[in-house]
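> pasting a predicted model and its sequence here:
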Amino acid sequence: MGDTRQLRRELASAKQTRTAITRLELLESSENILKARLYFAADLFVQVYCNDRFGTINYALIQGDRRLYARDRLDGQWHRHSVNEPALHDKSEEGQRPVALNEFLDEVETLLIELDLL
């Protein structure tokens, strides 16, 4: 699939081009697995996880130890965890829409402004 390779490029680009992001941290990186964080503040970050072997991608906005918003691809199907109900799987048409990291970051930056966190 090569999603990890593409995400590495997108993470580096996001760190360089998005002024709200203060730090990129690679937590795990191998040929088929990538786990990284893009920090907005010490306790506010987007965590990115990708496993090419299983076709899994997870994007999550986290504050402290709480997920605020997320989009996941599991078994080839996307779903969303909305800011209003982050524990639930939104499988609506919008929730199932595939998104690239940059689009997710656009959504996150809008949410952070709306929540007065940015």
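Arrived safely. Numbers count the residues shown, from 1 in each chain.

> which SS class is L7?
helix (DSSP: H, G, I helix; E, B strand; the rest coil).

> contact partners for it?
34, 36, 48, 50, 57, 101 (Cβ atoms under 8 Å, 6 or more residues apart in numbering). Glycine gets a C-beta too; all of them are placed from N, C-alpha and C.

> in contact with the third one: list those residues for me.
With contacts defined as Cβ under 8 Å, 6+ apart, the neighbours of V48 are 7, 11, 34-38, 57-59, 101.

> please enumerate the strands of this protein.
23-29, 33-41, 44-51, 56-63, 66-74, 77-81 (DSSP state E).

> in CSV, list those strands along with distance to E109 and mean pLDDT.
Compiled in CSV, the strands of the chain are given as follows (distance: least, Cβ to Cβ, whole Å; pLDDT from 0 to 100):
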stretch, distance to E109, mean pLDDT
strand 23-29, 16, 95
strand 33-41, 9, 97
strand 44-51, 10, 97
strand 56-63, 10, 96
strand 66-74, 11, 95
strand 77-81, 16, 94
